[in-house]
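**Q** Next come a sequence and a model predicted from it.
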2 protein chains.
Amino acid sequence: MFPRPQLDSGSQVPLYRQLHVQLKDWIESGRLAQGQRLPSTREMAGLLGLNRTTVSAAYSLLESERLIQGRVGRGSFVIGEAPSGTPGMDWDQLLDGPERLPAPLAQSSDAAISFATSRPSAQFFPLDEVRLSCDEVLSSRQAATILQLGSPSGYAPLREYLLAEGKRSGTVHPHDDVLVTNGCQQGLDLVGRVLVRPGDTVLVEDPIYPGVKHLMARAGARVVGVPVGPQGIDTELLGRALARERPRLVVVTPSFHNPTGTTIPAASRQLVLARAREAGAVVVENDSYGELRYEGEAVPPLKQLDESGDTVLLRSFSKVAFPGLRVGWITAPRALIARLAEAKQLADLHTDQLSQAVLLRFAESGRLAAHKLRILAAGAQCLAAVLDSCDGHLPAGARFTRPQGGMNLWVRLPEPLDASELLSKAEREGVTYLPGRYFEVTHHEPGGLRLSFAGLAPDQIRAGVAVLGKVFSAELERVRALRRFEPVPAMV
Amino acid sequence: MFPRPQLDSGSQVPLYRQLHVQLKDWIESGRLAQGQRLPSTREMAGLLGLNRTTVSAAYSLLESERLIQGRVGRGSFVIGEAPSGTPGMDWDQLLDGPERLPAPLAQSSDAAISFATSRPSAQFFPLDEVRLSCDEVLSSRQAATILQLGSPSGYAPLREYLLAEGKRSGTVHPHDDVLVTNGCQQGLDLVGRVLVRPGDTVLVEDPIYPGVKHLMARAGARVVGVPVGPQGIDTELLGRALARERPRLVVVTPSFHNPTGTTIPAASRQLVLARAREAGAVVVENDSYGELRYEGEAVPPLKQLDESGDTVLLRSFSKVAFPGLRVGWITAPRALIARLAEAKQLADLHTDQLSQAVLLRFAESGRLAAHKLRILAAGAQCLAAVLDSCDGHLPAGARFTRPQGGMNLWVRLPEPLDASELLSKAEREGVTYLPGRYFEVTHHEPGGLRLSFAGLAPDQIRAGVAVLGKVFSAELERVRALRRFEPVPAMV
């Protein structure tokens, strides 16, 4: 959330002065709020690829001008001008709760080629077909009903469609029901609210999309990571963690996991279900990407394999259609859905009905299926481009996953490269990505980074990975050259 | 949430048999989920206007058929048929958390005239203008951006519009920012998540819209009610409660309060702010209805009167436009908005962008202003109709509030009438409403009931209140007649 200062290393003005001027301007213009915490000097130095002393010099100037204030053990906070009028609330003290969320380090808007966001390419959005779907919905006899207050469970015709589709594909069990949510993120949030009590343990993949980790932590859970291997979550380690931790939930993304792009093979999926069942843990299957398979054979979702029907399946239209329309759904046993619907009602009454109706029309008219064919074809090209480029450009010793679908691929740079430290160098060359630190639970992997490839054209992917390869290779050479000159201790 | 059994008191089949057959059917068809709790015999009796022994007889039959199971101190639960396949999770035990939300007792769909829902009349929705706004948005150069992943803070052009409007009207202070939410309900939810810690006290009006009460209770708050008088929350009692309870928050609806329709006069509003400030409590102003004034002089919102700028203002397009599009916003100090935006991101990433853009277009094109004029004119007629009818038809001794806007009016029936008990009689005559019990915090007022008048035509209002007047008057006569025959104890 903290904006990224833009420094010009070619300028005559010293870097600490540039940083000082930029932060001062942001404080005085109100872009940085009173009480807002600045990144620590270490974080800021890492973010900008600067020396810590450079950052400290800028902060000291701000402190001398009484624009920020350091607090022992807590960091530096914006003071700014005093509020006008009556002396107000001490928001800083009042908001002294959980740590702020870490901002993703990459700022996609600054770089020409951004591998930072796991989202579809807007280039393929069929705007005319969406407009047509919208028009059909608002010309229909349901138009007034759609604009009127709706049901927490979701727009009834959409729920019927989702239930019918789920029965057809085997993901809806006889005792299941469906609840419409604002995408998978709200699905996770509602599950957290209903099933997680403070102190409960929740198992997640490590690395993991941070929206899962922070959400469960704020729900009061102890979040325990299980390492991800080349075939998704390590089922051997998962089994041990289940037996040891007796978690309330295990949240997994079996297909095209975010951030690694890995998939649990069909043969291991029953094992995941069996181990979770033995441990009495609820399996939450986060299936945002499952439909985006560009090559290889389809693998059934856990929900379909689970004969007990207890798996909680989260899906959405966000990746296969449009993330700006916030519509997803939960498939789960009826007793749980009833509770989730209550939580949904307290959270926001119900999901937006215009988007529910438009997506239903988009699906029922066959437009979604046609769109899906187009994005699967485009995704296959993106995937081939990113795999080829990684093969061709990443330095020797780099490893990367080989997803067959989804939007993400995971790179492990050879030691001693640090993907966080190298980010600012890559951004100076016009390319950005998210370093592994952003996704880690407990396992720190300095060389890890995520490449989100689905939002880019194949040419951009090739150009971007070529730049990254150059930056990483140059750094590797630099470090190795330095090492050659390191004094070798005398043998004594 | 529990469906309302339909019994026919004119039938030859005894009522306990009718109830038994209906519940059995619902369990076997899966309409009632395994593990679902039945209303207690007392609740069910109240709901249906039956004797408790009638309900007990039906429940006993279900228990003997092993369709439900009674648990000491916890009620009766659906057993139903065993799930097929592998033995599954014990959802009942797993979901043994907070009490289920009480279902609103009235089922609007069953009655010809429903005063039960506080929502606008769909009759006035300008469908062509909404369709046009939608088409303009999806034909614009922003169309792809709108369908793409957005910002947790909201669609930037809408935020700019809301900030500019707020500055113009004096509700945006120099240190304020705006966050787009899924209506006021999510505004409340996010405020609860960020500001309420378990054990904190939250003051609310009593009676209150239950979405406020349950939300704060689930956030771990101790919810304390402050009585509402004819001029909104009783400021004298509020001052005392603030001094005594030192709450974290006080949530108030100063204009056209739900459920009572009352408004805090301009002169008392500064007092509310001053007392809250002295007590260090954050004022949350729930202003869903403020713009719907049909008569009398406008009263500035607390936010506008608050020189400190600390008041947290919740508004939405739901009541003045379309509740099916879930778009509202929070105006609050920047430091708080930054935290709320984080909570929003974890809750559901961001609010639906199609609806944000459509409502912005609807507003900027002048269509919202034109629509508002139409619904203010219609609202004035509804208000006149409900006030006239209450004057003319409610039994002597009944009192009711005289709102000047909004959607709700509060009736207090003379003793010993009980609005919950009378509901089934009214529904048999084709009219429904919500009894006061649904809104109470601690103060039980058996004669209280809410009439939501804005969704009905004036003729329906008049016909509906006439029916209610007849039902209430007949009951009053019946009870008084009974009393006349009650044995008078001998004087000794």
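**A** It's in. Note that this is a predicted model, so its numbers are computed, not measured. Numbers count the residues shown, from 1 in each chain, chains lettered A, B, ... in the order given.
**Q** Every contact and neighbour count from this point should use C-alpha atoms.
**A** Noted.
**Q** I'd like the average pLDDT over the top strand by length along chain A.
**A** Looking across chain A with DSSP state E, the single longest strand is strand A:222-229. Mean per-residue pLDDT for strand A:222-229: 97.
**Q** Any part of that strand near chain B?
**A** No - legend: contact between strand A:222-229 and chain B by C-alpha under 8 Å from any C-alpha of the partner chain is lacking; minimum distance shown is 15.5 Å.
**Q** then that strand to PDB, C-alphas only?
**A** What follows is strand A:222-229 as a C-alpha-only set of coordinates in PDB (Å, rounded to 0.1, in the frame of the first residue of the first chain):
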ATOM      1  CA  ARG A 222      -2.400 -20.200  13.700                       C
ATOM      2  CA  VAL A 223      -1.300 -20.500  10.100                       C
ATOM      3  CA  VAL A 224       1.100 -23.400   9.400                       C
ATOM      4  CA  GLY A 225       2.700 -23.800   6.000                       C
ATOM      5  CA  VAL A 226       3.300 -27.100   4.200                       C
ATOM      6  CA  PRO A 227       6.000 -26.900   1.500                       C
ATOM      7  CA  VAL A 228       5.100 -27.100  -2.100                       C
ATOM      8  CA  GLY A 229       7.100 -29.400  -4.400                       C
END
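**Q** Show me what that strand is packed up against.
**A** The elements that strand A:222-229 packs onto, with contact taken as 3 or more C-alpha pairs under 8 Å, 6 or more residues apart in numbering or on different chains; DSSP states H and E, are strand A:201-206, helix A:210-218, helix A:235-245.
**Q** Show the subsequent helix or strand relative to that strand.
**A** strand A:232-233 (DSSP states H and E).
**Q** Pairing partners for that next one, with directions?
**A** strand A:222-229 (antiparallel) (DSSP bridges).
**Q** For the strand it pairs with, which residues meet the burial criterion?
**A** For strand A:222-229, a neighbour-count test (16 or more other C-alpha atoms under 10 Å in any protein chain shown) marks A:Arg222, A:Val223, A:Val224, A:Gly225, A:Val226, A:Pro227, A:Val228, A:Gly229 as buried.
**Q** wait, what's in contact with the residue of the stretch 51-200 of chain A found nearest chain B?
**A** In the stretch 51-200 of chain A, the residue that lies nearest chain B is A:Leu147 (4.2 Å; C-alpha to the nearest C-alpha). Residues near A:Leu147 by C-alpha atoms under 8 Å, 6 or more residues apart in numbering or on different chains: A:Gln353, A:Leu354, B:Ala122, B:Phe125, B:Phe322, B:Pro323, B:Gly324, B:Leu325.
**Q** I'd like to know which of those residues are part of helices.
**A** A:Gln353, A:Leu354 (DSSP state H).
**Q** Quickly name whichever of the contacts of A:Leu147 is closest to A:Gly366.
**A** Nearest to A:Gly366, judged by C-alpha to C-alpha, of the contacts of A:Leu147 is A:Leu354 at 18.6 Å.
**Q** What distance do you get for that closest one to A:Ala221?
**A** Shown here: A:Leu354 relative to A:Ala221, a distance of 35 Å by C-alpha to C-alpha, to the nearest Å.
**Q** for A:Ala164, same thing?
**A** As judged by C-alpha to C-alpha, A:Ala164 and A:Ala221 stand 35 Å apart.
**Q** Ok, A:Leu359 next?
**A** A:Leu359 sits 34 Å away from A:Ala221, taking C-alpha to C-alpha as the criterion.
**Q** pLDDT score assigned to the most centrally placed residue in chain A?
**A** Nearest to the geometric centre of chain A sits A:Tyr209, at 4.1 Å (C-alpha atoms, centre = their mean). If you check A:Tyr209, the pLDDT there is 95.
**Q** hang on, it packs against A:Gly436?
**A** No - checked against C-alpha atoms under 8 Å, the pair A:Tyr209 and A:Gly436 is beyond contact range at 10.3 Å.
**Q** The spatially closest residue to A:Arg52 that is not a sequence neighbour is in what secondary structure piece?
**A** Here the nearest residue to A:Arg52 in space, its sequence neighbours aside, is A:Ala45; by C-alpha to C-alpha, 6 or more residues apart in numbering or on different chains that works out to 5.3 Å. Assessed by DSSP H and E, A:Ala45 sits inside helix A:41-48.
**Q** In that helix, which residues are buried?
**A** Using 16+ other C-alpha under 10 Å as the test for burial, helix A:41-48 gives A:Thr41, A:Met44, A:Ala45, A:Gly46, A:Leu47, A:Leu48.
**Q** Give the other helices and strands that it contacts.
**A** helix A:52-64, helix A:419-428.
**Q** Pick the most deeply packed of these.
**A** Each of those was scored by mean neighbour count; the highest is helix A:419-428, a mean of 20, by mean count of other C-alpha atoms under 10 Å in any protein chain shown.
**Q** who does the helix or strand just after it touch, helix- and strand-wise?
**A** The first helix or strand that comes after helix A:419-428 along the chain, using DSSP H and E, is strand A:431-432. Packing contacts for strand A:431-432, counted by 3+ C-alpha pairs under 8 Å, 6+ apart, involve strand A:113-114, helix A:458-484.
**Q** Most tightly packed of these?
**A** Mean neighbour count (mean count of other C-alpha under 10 Å) peaks for strand A:113-114 among the helices and strands packed on strand A:431-432, with a mean of 24.
**Q** Could you tell me the angle between the helix or strand just after that strand and helix B:127-139?
**A** Counting by DSSP H and E, the next helix or strand C-terminal to strand A:113-114 is helix A:127-139. Taking axes from the mean of the first three to the mean of the last three C-alpha atoms, to 10 degrees, one finds helix A:127-139 and helix B:127-139 inclined to each other by 170 degrees.
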